[in-house]
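Asker: Provide a 3D model corresponding to the input given below.
(3 chains)
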Amino acid sequence: MQNIKIRLASERVNTSLTFGEEGAPHLYTPGETITDNQRVMSGHGTYMDEENKEVLKASVAGTVERVNQLICVRPIKCRYMGEIGDVVVGRITEVQQKRWKVETNARLDSVLLISSVNLPGGELRRRSAEDEQMMRKYLQEGDLVSAEVQSVFSDGSLSLHTRSLKYGKLSQGVLVKVPPSLILRRKNHFHNLLCGASVILGNNGLIWIYPTSPEDDSGVGGFTQNLEQVIDKEDRERIARLRNCILSISASKLMLFDSSIQYAFEESLNYSIKELLTPEVMLDVAFRTRHRLQAYKDS
Amino acid sequence: MLTTKTFLKKTKRGNILKIVREHYLRDDIWCGSVLCKTCSMKEREKTLEKDLDHSSSLFSFPHYLVLDTNIVLDQIDVLEENSFENVIILQTVLEEVKHRSSPVYRRLKDIISNPDRKFYVFVNEHHKDTYVERKAGESVNDRNDRAIRVATAWYASHLAPSQPKGKNKHVSIVLLTDDAANRQKAKDEGLISCSVHDYVSSLENAPALLDKLSKRNFVLEGNSKEPLFPLHLSPKEIQDGIKAGKLLQGTFLASRENFLEGSVNVEGYEKFILVQGHAGLNRAVDGDTVALELLPESEWVAPSDIVLEDAEEDPGDILDDEAKMEKEKQKAKKVEREPTGKVVGIIRRKWRQYCGILQPSQDKNSIRHLFMPAERKISKIRIETRQAETLKSQRIIVAIDSWPRTSRYPLGHFVRALGNIGDKNTENEVLLLEHDVPHSKFSEQVLSFLPKLPWVITDADLERRVDLRNITICSVDPPGCTDIDDALHCRELENGNYEVGVHIADVSHFIRPGNALDKEAALRATTVYLVDKRIDMVPELLSSNLCSLRGNEERFAFSCIWELTKDATIVNTKFHKSVICSKAALTYGEAQARIDDKTLNDDVVKSLRGLNSLAKILKKRRIENGALVLASPEIRFQVDSETHDPIEVVAKKMLETNSMVEEFMLLANISVAQKIVEEFPECAMLRRHPQPPPTNFEPLVKAGHLQGFEINVESGKDLAESLDKAVKSDNPYFNTMLRIMATRCMMQAVYFASGMLQKDEFFHYGLACPIYTHFTSPIRRYADIIVHRLLAACIGADSTYPELLDKRKSHSLCHNLNYRNRMAQYAGRASVNLHTHLFFRNRVQDEQGYVLYVRKNALQILIPKYGLEGTLYLAPPKGQIAKVNFTYNEEEQSQSHGSIKFRVFDPVTVQLSLDRRNVQHEKLMLLLVKPEIPEFSVPSQAGSQQVEAMDVDEVKDVAPPPKRQKKSK
Amino acid sequence: MDLLSDQGLRLDGRRPDELRNIRCKMGVFNQADGSAYLEQGNTKVLATVYGPHQPRGQARNRAPHDEAFVNCQYSMAVFSTGERKNRPRGDRKSQEMSIHLRQALVSAIRTELYPRSQLDIFVEVLQADGGNYCACVNAATLALVDAGVGMREYAVACSASLANGEIPLVDISHLEESTGGPNLTVASLPISGQVALMEMSQRFHSDHLPKVLERALEGCKDIHRILDDTVRKHVEETGRASGWGQVDRAGIVL
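Answerer: As a prediction, the model looks like this:
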């Protein structure tokens, strides 16, 4: 019981890392007029006023992005909005005929068609009726998968595929959830970190941390799950530390990518893993990480 | 601008609640002084002056006063004097005053709202620098005292930078407080402070002001004296006692006859609980809410039948009169004993200001005098005044301050003088004050809402009204009536039915809701009719001119028009606003003469005859329904045109035309009541008359029984029928007397808002109709104005306003109307009384009377001619030996001496005269003439008037409620 | 008790047109998509938003195909009032409040953006001191903004009453609620001036309604200003920490 700490709301640590050195871009809040220029096009996060059709207003709070005539307002935080090619981590919620439903932190569950997966036995195999009956054998409710966004349906839901060895069912590891907007879009979202563990930074804000496998085939893919294998303590601790580090820097709203995570990991070594759960320590780690990133950028 | 301070408060409601409230502290509360240069207050809103003439000899420099709560509470009479100016009232004080005494609070607010007085309210509780938090262990009072001192200090330091240095010009702050501890603390903190007595003594007109100083905190000389009264219990003890059932709570009602006796009305007890003696009453004053301890049954006593008056002279602080009563007590039979108790504490005082006269002290130089209130239920009051010489011949007003244990009388102070004793205006003033009748002149503000003269009817007015000017409308009223609020018409329709219209003065057209005129009328509630004076509810321009439906003048009216069949059944009813032109303003007598004069046959007469015949049918139907015909003696004074002294008294006569007008007014009221309830079921103003409980009728049933008549009181109808049957051929006045007695058994009729009661409670007992209201006299009754407005809203002639539709507001309005009506009635009766006394001042007269009640030592005699009731005492006054002994028979309700027997309803002849030995209470005296009893009765009239007078009571103020629409103008 | 003293101050020291002190904070929960905590005087509420997400449970078949299904739930903590009371969720009063909340919020949310989705809004009153509904609407608005849900504009609610039969009072505290007369609650979209919901505790005379309504709408505007400030501060803070989510070519946060 002595491990439980309760503190007053007023004593909460302010996790923000504001330095105030840079002026903020103009922010728009819901209902605010962006422009009355008729030529612009209304993109995400904006709408045309119903009464006065010429006025473009913001519908979320955030910064404006302009691509030619298209004006969007990007909110600081929102549900995952999928784009083709994104790497996602998700959980199977339903097994239907010919497809799985996957929870990907998007507005609607994503779809993984049986035709979009590599079934055991070769890439070019025909899908038979047997396969449909076997679906649950491959993936069942609750299973975690990594996948890539193949296309976006008209209602906004995503179609996924795992037709690469990178993707597939996840076995031993830890899942961390952060706001999707904190995941930096990069070419590669699979990293074997220097610290000795691997991460999949799903664009949808779900991060999978797992032990780096000795056979360097970067293969988590497929439908095999090795639950027998015992992960040694060192690896487990590393994963746990990594998890806490990711949460630390996401609490301070730092962007997540391989180097920020790696830096955070290194900065956290001053503390025990358990200590990383206290707000002050989390803030300290985030602060140091930011400092490192800043220094790197400046150099 | 907003700073929050949250404080905790605990309240008890069974379980303890923790209440957290926000308390905002501000920096935009200004000091209100013209001097100040730091506050950004608007110039014209600043109250406290710059140049002060300081008349106080105690402080030689200009100053503002800060008052402590105790000063406001105790010394409000002095504060009302103009000598106090430039005063700062702190919110702490204001709140406390509001909490402790609402009358004082109201008076204080009046002073504050008077710009000449320069009273400024400083909201110290919400000022960031003067807010004071209660410390642990500090009592609320101590905290408030500290808050007052903090605010005083703040003022001093706040004003300092704005003023030039130099002691004599420098405006300082003086804290007035009668709390010595507070004064000491203030001194320690470097504040200037003094007691109100010291301050007032130092003012220029000190003597007059000192008289008005409350004596609450003054220590009596010879304080070491033995206390005369038992100690009152503490509020805590009382609370516990009541909770434990050991003590009772009730309202103390002093006896009129015996100053050492009273009763306490305890809720849940059928009978009043008797209290007797100085110790028993224990300083309770009439109206107080007291804590009572019931005595064991063995100590119960019977109410003494004797009349006991406080000694004329000031005997000092001793109690001696008890002995007189002791004897009486022994005699009381066991049966007559009533629950008896003694007052052990006062829960709430209900002291007000009292009218009365000074009873100057024997010692010419003394400043301590006794004051004798006009109300006999109130004890004498000891006051201090330096103006006894001038005041002793005047009626004055006095307030009670306190009643310490060591003082025989309560202590009070002089408030103001009304005028010379015996002067009719003064007496009327006393009468109005005692009955709480607002009678000051209408203020300029009120008058400003009157229509401008010359008043003309515009086309716009005509557009919205039905034009009835060509219809033959006439009014019928008592002679001399100038506020004519109703007129009637009747004409035959082609289908053989009658069209009957009642046209009521459209007062609500002139009095718009919410303005000063309306508020004043709502406060007055009713026009009060004294014998020689009328206290108008609305200014005369309206009451006697623009609203009065005078003959041959165009006036606005609110008309209620029915189509009636020949047998007076309503076919339909219409209401609308109209313009009328009355063709004739008649008196009852004139109208009667015209109806009776067979030679006349003009439109007015035809109209009157039609009305009369319909009215008879209506009346008959109403009586069949069980409406009561009751009687109360009513008289008129014929007044000398110059001296305004009454020269003749006549009983009012009832003509057919009286009842004719009455029937149609009733009909209109009922029709309107139905209409407004239909439209406004929640907030219609109605009038109800509850059925009296059967116990009320006991004396009536008993009296009837002794005469061999069974009075059935089951229902109104039964009562009406049995009263009709009770006729004695040998005593024509018997029936009337029975009806007078029945009147006394009734309940008060009251106004109420329809939403406050169940539908079956709307019933009007006297009129035997399920619903009733007042619509027909808006000039003299405020209720009618409200009903007019409601009806106007019903028919779309006017719009509603929020207060009209607010059930709770209507309810509180009704409360005031009922109170004022009752008071107006009492005042009217008291005025008749006063004039009866004036009438008998110089005469002695024999009159025929009847025995109304038989009491143990007296007969209650009714004299029909003057409509008055007096007591004929059969036992001699105290200290005298009875020459003639009477035997009282309780069963039979009779008094007998030898062969002569007095029973209820028996005729007697009595001699009337005025006993003027007591200036305060002049009394009407009755002496027996017939039947002759040697050594007791007096010879008929003749010269020998110097008979040893016996105590006679004046007309009793029993309250017969008005049963019916009475045109008592 | 007079609601307004002769000196023009209310029982707690405010002037008739002054709001209570409003303090608020966005993003108080990590698990929810959006959350906010708001104090309006001593009324304290917590709001969380989940979604828009795939409809689950009962809402599965209720989500319309052209807009989002908005689910509101109002509840009061057992310790929220002076007297501790067990409040089963979904009692009549809470249900009514939930419906009213939904009405106000739906008018602001661009539900058409989220077809077939479900949006959950949970509001819990931690301390009740009058104007619970208003505080709930305001907190829920903040939580929705925090969740990045598309809204036409803020939905803001404010109450008003009438003192001495003539002077309208804004933002009614519990003390004023219990001693005063009728109470008007308005939820509005303050930029366009539209009224989303209006409720009266008792009947108002129509003469008074316009000025009381106006006072309530003014209160809404004032509250809007305060909420907007909070949102800007919050967005700026988080945006700055993440470098506005922008990256230069080397993949380094700008």
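Asker: Please enumerate the helices of chain C.
Answerer: Using DSSP state H, the helices of chain C run over C:92-106, C:132-146, C:174-179, C:209-241.
Asker: okay, and the helix or strand of chain C with the least pLDDT?
Answerer: One helix or strand of chain C scores below all others by mean pLDDT, DSSP states H and E: helix C:174-179, with a mean of 86.
Asker: re the thing from before, of all the helices of chain C, which lies closest to chain A?
Answerer: Checking these against chain A by CB to the nearest CB gives helix C:209-241 as the closest, at 3.8 Å. Just so you know, the C-beta spots here come from the backbone N, C-alpha and C atoms, and that holds for glycine as well.
Asker: Give the buried residues for the closest one.
Answerer: C:209, C:212-213, C:215-220, C:222-224, C:226-228, C:230-232, C:234-241 (16 or more other CB atoms under 10 Å in any protein chain shown).
Asker: near chain A too, which of those?
Answerer: For chain A, the contacts drawn from the buried residues of helix C:209-241 by CB under 8 Å from any CB of the partner chain are C:228, C:231, C:232, C:235, C:236, C:237, C:238, C:239, C:240, C:241.
Asker: Dump those residues into a markdown table; add distance to residue C:54 and pLDDT as well.
Answerer: Shown next, in a markdown table, are those (distance: CB to CB, whole Å; pLDDT from 0 to 100):
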| residue | distance to residue C:54 | pLDDT |
| --- | --- | --- |
| C:228 | 32 | 95 |
| C:231 | 28 | 94 |
| C:232 | 32 | 92 |
| C:235 | 27 | 89 |
| C:236 | 32 | 86 |
| C:237 | 31 | 83 |
| C:238 | 26 | 83 |
| C:239 | 29 | 81 |
| C:240 | 33 | 79 |
| C:241 | 30 | 75 |
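Asker: ok, of those, which one's closest to residue C:27?
Answerer: residue C:238 (7.5 Å; CB to CB).
Asker: The nearest residue to that closest one once chain neighbours are set aside - how many residues pack around it?
Answerer: Nearest non-adjacent residue to residue C:238, counting by CB to CB, 6 or more residues apart in numbering or on different chains: residue A:253, 4.6 Å away. Residue A:253 is flanked by 25 other residues according to other CB atoms under 10 Å in any protein chain shown.
Asker: count of neighbours near residue C:13?
Answerer: 23.
Asker: thought it was touching residue B:24?
Answerer: Yes: here residue C:13 reaches residue B:24: they are 3.6 Å apart, a contact under CB atoms under 8 Å.
Asker: Could you tell me which residues touch both of those two?
Answerer: Shared contacts of residue C:13 and residue B:24 (CB atoms under 8 Å, 6 or more residues apart in numbering or on different chains): residue B:126.
Asker: Model confidence score at the residue of the stretch 151-300 of chain B found nearest chain A, please.
Answerer: Distances between the stretch 151-300 of chain B and chain A by CB to the nearest CB are smallest at residue B:154, namely 31.9 Å. pLDDT for residue B:154: 91.
Asker: Name the helix or strand for it, please.
Answerer: helix B:140-159 (DSSP states H and E).
Asker: Also residue B:453?
Answerer: With DSSP H and E as criterion, residue B:453 is part of no helix or strand.
Asker: Once you drop chain neighbours, what's closest to residue B:619?
Answerer: residue B:663 (5.5 Å).
Asker: neighbours of residue B:770, just the number please.
Answerer: Using other CB under 10 Å, residue B:770 has 14 neighbouring residues.
Asker: Surely it is in contact with residue B:761?
Answerer: No: using CB under 8 Å, residue B:770 is not in contact with residue B:761; the gap is 10.3 Å.
Asker: Identify the residues contacting residue A:150.
Answerer: Per CB under 8 Å, 6+ apart, neighbours of residue A:150: A:84, A:116, A:158, A:159, A:160, A:161.
Asker: now, among the residues you listed, which is nearest to residue C:84?
Answerer: Nearest to residue C:84 among those, counting by CB to CB, is residue A:158 at 48.1 Å.
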